[in-house]
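*Asks:* Any chance you can model this:
(2 chains)
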Amino acid sequence: MAVNYIPRRFNIVRDKERCIECGCCVRQCSNECHYFEAGGTTVLADSTNCVACHRCVDLCPTSALRIEKHVCDYRENANWTPQYQQEICRQAASGGTLLSGMGNPKPYPIYWDKILLNASQVTNPSIDPLREPMEIRTILGRKPEKLTVERKGKAITKMPPQVVVETPILFSAMSFGSISLNAQKSLAMAAQNLGTLFNTGEGGLHPDLEPYTDRAIVQVASGRFGVHKDYLNSARIVEIKIGQGAKPGIGGHLPGEKVNVEVSNARMIPEGSDAISPAPHHDIYSIEDLRQLIWSIKQATGNQKPVSVKIAAVHNVAAIVSGCARAGADIIAIDGFRGGTGAAPTRIRDNVGIPIELALAAADSRLREEGIRSQISLIAAGSFRCSADIVKAIALGADACYCASAPLIAMGCHMCQTCNTGKCNWGIATQRPELTKRLNPDIMHERVENLITAWNHEIKEIMGGMGINSVDSLRGNRLMLRGIGLSDRELAILGIKHAGE
Amino acid sequence: MLKEGQVRIPAGCAIAAIIDRKGGLINGSEIIKSIALMHDRSNGLGGGFAAYGIYPEHKDAYAFHIFYDNAEAQKKCEEFLFKHFNVDEAERIPTKKIPAIKNGPDIWRYFARVNRVRMRNARLDEGEYVVQCVTRVNDAYEGAYIFSSGKNMGCFKAVGYPEDVGAFYMLDKYDAYLWTAHGRFPTNTPGWWGGAHPFNVLDWSIVHNGEISSYDANRRYIEQFGYKCTMQTDTEVITYLFDHLMRHHGLPANVAADVLTAPEWDEIDRMSPEKREYFTALRSIYSGALVNGPFSVILGSGKGLLAINDRLKLRSLTAATKGDRAYFASEESAIRIVCPNPDKVWSVSGADPVFVPLEIHQKEES
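*Replies:* Numbering: from 1, shown residues only, chains lettered A, B, ... in the order given. Below is the predicted model:
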């Protein structure tokens, strides 16, 4: 037997007194950790492939299962940590690039946790969201420089296409292919009921999603999968995907084995062929090329759809955002380096890009310095874990926030970070029919809706506390933020004061 | 301690205003009487007045009222003024020494017309030229502060209770067709005269009661367009919003008021299609200019008076009319003490800004 140089990561612990040998865990685990003893009825476990997705734990009818970290000490070394040693062993065995799922897990600063919010005391009253209207409706799209009126009550200015969302929380791009159709459907249904938008990602539009296209953002990415005139015209917003926070500068690769009939139809590629998204758009080698693509899309859609440009948060993000705005983008989405992904090269995910907090603050400030911030919409993406993160992002300058990981967690995701294996036990990041059928959109859309409804309530509560009853007055209102434990440089980039100032 | 402009100081307040829509003159003692009744709404850390129609003999010249901390500041500021304007007259503003008003700056006024050569070279229209000159002095000339820069109008302000400020400036010697007044209750001690209200740009003057919670959203919106909020006060930012919307975007005053106090969405959703389109466009384009939190604002100008209240009616503001006159005050009693039997009294609603145009002005124009 070959030597396995890497100890397993988890132990499956079974309480034998509780276990009734029903075999539920055996049926649930796509990693085949649970099995019946040969020829017998006793359930056993091999923890080697356990990813701690908790599917077995959560479904065990007698709560007999528990996952614990497998502790196997290495000689202490602050430099050669077990993780680096294990990764070297994996590469020594495979010769390949390391791949990971989900967002950057490294302990880089999370600025949301170093920003505190304000509340009213005495000099101005807090507002009770149960008594007073508390507005979180947000309008996305390009705004004219000014309004021309015939008189009070009658506008002359013709507005460019505007998209009204009833919450500043949108679902970010996840393609059919990277996630299951059932997961997409759950998000689409939730988006429709919540009055917000979901994003098809770059995988085209499955016919089952057609009833929801009024709430869809469709993507045009470097692979141009599934892009045709009807696709563009069916959506509410068309988004040009330049980059993704989890893998800036990198394209995508959906292996041929995941390209089943359905995926092949939606993407308009042969069944079983690899779906490769090149790193750049090969018709965009510079900003003037982006301008052409934006205007091509506007022509193809009769100027009826706002065009969004999604970029990864990289060092020069502020200038890039400004360039996109001037190239005609109506909406610009910035994806921070903690943003999730179905699969990304580990080294890229963990080392490339910058946090969304800094990127957003820099981009918003830059657009204001240029006097064009009010004409475009800015969407922040890249890991919003709770409503307070969203409030902080809006106060830093975002119009709206893209969320993906949070709604996935609502649907069962446990952040096991192995989306790239296609074995998602929760039926989310997989195309295997026996796994995808575990995710019932009729139930899951409600969980997603509940989550966003809860966040909406919390956002209103926080706004009320600040004495603000419209999200318009929170947007870019950085005086509502204070830093805690941040350097002068960090405070300057975020454009906020330190707590106590 | 940091002075106003270096630190943001929230303040509560009293406001009052009287206008004669036919241009009839009202003596300064009336507005003093009205604002004095609301003594408890201020704390002696700022009071001020704006008066329109007080300089008829100089009505085509900008009346600059300036605080000087020292002779050096005056020298530098005058050098700048004399270069950029043709100054007709320069004088100390007459004041009466009273015990309640202490440690004031040297207060001067200048009647001046723009230096047209410089203005054309700068490729600016007259309003923009004057605003930029005023901003320049207030920004770059330490110890000099232009607190009033309109034509045929003037602001008078100081650290003290408003009635004392009125006595100090001897406002009973002035007659105006429009008066606004302000008593301030800042929540710490700036001790700086420039921090008192009204706040003024060209002939727009603002008195304001409240602490707006949208301050930084509004500030960061307006600073996109070349304004610099050096005072860090709500009043300053609201003045700039009005100035921008009306002067740069050419919106009528009542439309600008709709921008600042836009109706709520659930209300807009129930409107006729035309109005819905109007308000939706307005809220979409000007979301950064929506003012939130408690405020009552009286905006004075040569064209008339505009009174607005916050959307939730978190601050009091009462209006009344009697014949050609309209009265506004934070409290009804402050109206009744100068106008015991008004024809009509009402509480200004957040959704319904009150605009009292100066009719004589319109006649002159047409």
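*Asks:* Show the pLDDT at the residue of chain B most remote from its centre.
*Replies:* Taking CA atoms, centre = their mean, the residue of chain B most remote from its mean C-alpha position is residue B:273, at 35.3 Å. What the model reports as pLDDT for residue B:273 is 95.
*Asks:* Relative to residue A:153, how far out is it?
*Replies:* In this view, residue B:273 and residue A:153 are 12 Å apart by CB to CB, to the nearest Å. Every C-beta, even on glycine, is put in place using the N, C-alpha and C of the backbone.
*Asks:* so which helix or strand takes in the closest residue to residue B:288 other than its chain neighbours?
*Replies:* Spatial nearest neighbour of residue B:288, chain neighbours left out: residue B:221 (3.0 Å); criterion: CB to CB, 6 or more residues apart in numbering or on different chains. Assigned by DSSP states H and E, residue B:221 belongs to helix B:215-222.
*Asks:* give me phi/psi at residue A:331?
*Replies:* phi -130, psi 140 (degrees, to the nearest 10).
*Asks:* Quick check, it in contact with residue A:308.
*Replies:* Yes. In this structure residue A:331 lies within contact range of residue A:308 using CB atoms under 8 Å: 3.7 Å.
*Asks:* Mutual contacts of the two, please.
*Replies:* Shared contacts of residue A:331 and residue A:308, defined by CB atoms under 8 Å, 6 or more residues apart in numbering or on different chains, are found at A:237, A:239, A:379.
*Asks:* Reformat those into JSON lines and put secondary structure next to each item.
*Replies:* Formatted as JSON lines, the shared contacts of residue A:331 and residue A:308 follow (DSSP: H, G, I helix; E, B strand; the rest coil):
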{"residue": "A:237", "secondary structure": "strand"}
{"residue": "A:239", "secondary structure": "strand"}
{"residue": "A:379", "secondary structure": "strand"}
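*Asks:* Please list only the buried members of those.
*Replies:* A:237, A:239, A:379 (16 or more other CB atoms under 10 Å in any protein chain shown).
*Asks:* what about residue B:145, distance to chain A?
*Replies:* 24 Å (CB to the nearest CB, to the nearest Å).
*Asks:* Domain ranges for chain B, per the record?
*Replies:* B:11-54+B:152-365, B:59-151 (automatic domain parsing).
*Asks:* now those as a markdown table including distance to residue A:64?
*Replies:* Compiled in a markdown table, the domains of chain B are given as follows (distance: least, CB to CB, whole Å):
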| stretch | distance to residue A:64 |
| --- | --- |
| domain B:11-54+B:152-365 | 52 |
| domain B:59-151 | 73 |
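*Asks:* out of these, deepest packed?
*Replies:* Burial of the domains of chain B is given as mean neighbour count (mean count of other CB atoms under 10 Å in any protein chain shown); domain B:11-54+B:152-365 ranks first at a mean of 22.
*Asks:* phi, psi of residue A:384?
*Replies:* The phi/psi pair for residue A:384 (degrees, to the nearest 10) reads phi -110, psi 120.
*Asks:* these two touch, right, it and residue A:403?
*Replies:* Yes. At 5.1 Å, residue A:384 counts as touching residue A:403 under the criterion of CB under 8 Å.
*Asks:* middle-most residue in chain A, spatially?
*Replies:* The centroid of chain A falls nearest to residue A:404 when counting by CA atoms, centre = their mean (3.3 Å).
*Asks:* contacting residues around it?
*Replies:* With CB under 8 Å, 6+ apart, residue A:404 has these contacts: A:171-174, A:339-340, A:381.
*Asks:* Now for these: which two are most distant?
*Replies:* The two members of the contacts of residue A:404 with the most space between them (CB to CB) are A:171 and A:339, at 13.0 Å.
*Asks:* Comparing these two, which residue is more hemmed in?
*Replies:* Per other CB atoms under 10 Å in any protein chain shown, whichever of residue A:171 and residue A:339 has more neighbours is residue A:339, with 30 against 27.
*Asks:* Quick check: the gap between the residue lying closest to the more buried one once chain neighbours are set aside and chain B.
*Replies:* Excluding the flanking residues, the one nearest residue A:339 by CB to CB, 6+ apart is residue A:245, at 3.1 Å. Using CB to the nearest CB, residue A:245 is found at 25 Å from chain B.
*Asks:* Just the element for residue B:305, please.
*Replies:* According to DSSP H and E, residue B:305 maps onto strand B:304-309.
*Asks:* who does the helix or strand that residue B:15 is a member of pair up with?
*Replies:* Using DSSP H and E, the element containing residue B:15 is strand B:11-20. When sheet partners are counted by DSSP bridges, strand B:11-20 sits next to strand B:178-186 (antiparallel), strand B:325-329 (antiparallel).
*Asks:* Just checking the distance from the next helix or strand after the last one to the centre of its chain.
*Replies:* Following strand B:325-329 in sequence order, the next helix or strand is helix B:332-336 (DSSP H and E). The chain centre lies 21 Å from the centre of helix B:332-336; the measure is CA atoms, centre = their mean, to the nearest Å.
*Asks:* can you give me the mean pLDDT across helix B:332-336?
*Replies:* Mean predicted lDDT for helix B:332-336 stands at 95.
*Asks:* and the next element down the chain from that helix?
*Replies:* Toward the C-terminus, helix B:332-336 is succeeded by strand B:344-347 as the next helix or strand (DSSP H and E).
*Asks:* The closest residue to residue A:496 other than its chain neighbours - how many residues pack around it?
*Replies:* Nearest residue to residue A:496, sequence neighbours excluded (CB to CB, 6+ apart): residue A:481, at 4.5 Å. The number of residues packed near residue A:481 is 22, by other CB under 10 Å.
*Asks:* What of residue A:158?
*Replies:* Using other CB under 10 Å, residue A:158 has 9 other residues around it.
*Asks:* From residue A:307, how far off is it?
*Replies:* For residue A:158, the distance to residue A:307 equals 18 Å [CB to CB].
*Asks:* do residue B:119 as well
*Replies:* Distance from residue B:119 to residue A:307, by CB to CB: 42 Å.
*Asks:* repeat for residue A:419
*Replies:* Residue A:419 sits 29 Å away from residue A:307, going by CB to CB.
*Asks:* Flag every residue of the stretch 401-501 of chain A that's near chain B.
*Replies:* Residues of the stretch 401-501 of chain A lying near chain B by CB under 8 Å from any CB of the partner chain: A:466-470, A:472-480.
*Asks:* Got a quick ChimeraX command for the buried subset of those residues?
*Replies:* Command for ChimeraX that selects the buried part of those, burial taken from 16+ other CB under 10 Å:
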select /A:466,467,468,469,470,472,473,474,475,476,477,478,479,480
